[in-house]
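> Model the following, please.
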Amino acid sequence: AAAVRDGQLVRIAEGVYLAPGVEEVARARLAAVPQPFTLSQARSAWGTTRRVAVPLMEWLDARGVTVRLPDNTRRLR
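From the prediction side, this is the model:
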């Protein structure tokens, strides 16, 4: 909690904390993926596990960085 308050970490979800600037890095890597993309493609672009990719994608959706489409793919806004 102290690291989040100090800006040393960003809380993405319960038990998932990432470095500051994660939004910009995630967006840049997704920009290199053909749009729309699947969660699996995003996970590969980020080089992470599904345990991190799912909450990160939901966090990006909530922040308006990505938008979820009816077929469960996503695209950058």
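
> Pretty sure residue 3 sits against residue 20.
No. Residue 3 is not in contact with residue 20 according to C-beta atoms under 8 Å; the separation is 10.1 Å. (C-beta placed from N, C-alpha, C; glycine too.)

> Now residue 38: closest residue in space, sequence neighbours ignored.
residue 73 (5.6 Å; C-beta to C-beta, 6 or more residues apart in numbering).

> Could you tell me how many residues sit around that neighbour?
Around residue 73 there are 15 other residues, counting by other C-beta atoms under 10 Å.

> ok so, going back, between residue 3 and residue 20, what contacts are shared?
residue 9 (C-beta atoms under 8 Å, 6 or more residues apart in numbering).

> Check which residues of whichever strand or helix holds residue 23 are buried.
Here residue 23 sits within helix 22-31, counting by DSSP states H and E. Of the residues in helix 22-31, 22, 23, 26, 30 count as buried by neighbour count, 16 or more other C-beta atoms under 10 Å.

> Lowest mean pLDDT among the helices and strands, pick that one out for the protein.
One helix or strand of the chain scores below all others by mean pLDDT, DSSP states H and E: helix 2-5, with a mean of 92.

> Touching it from outside, list them.
For helix 2-5, using C-beta under 8 Å, 6+ apart, the contacting residues are 9, 10, 11, 17.

> Show the contacting residues for residue 37.
The contact partners of residue 37, by C-beta under 8 Å, 6+ apart, come to 30, 45, 73, 74, 75.

> Mind checking which of these land in strands?
Counting by DSSP state E, the contacts of residue 37 place 74, 75 in strands.

> Show me the shaky parts of the chain.
For the chain, no stretch is flagged by pLDDT under 70.

> picking that back up, may I ask you to confirm that the residue nearest to residue 38 is in contact with residue 40?
No. With contact defined as C-beta under 8 Å, residue 73 does not count as touching residue 40 (10.3 Å).

> How about the contacts made by residue 67?
Applying C-beta under 8 Å, 6+ apart to residue 67 gives the contacts 61, 74, 75, 77.

> Out of the residues you listed, who's the most crowded?
Among these, residue 74 has the most neighbours (other C-beta under 10 Å), with 23 neighbours.

> Cool, thanks, talk later.
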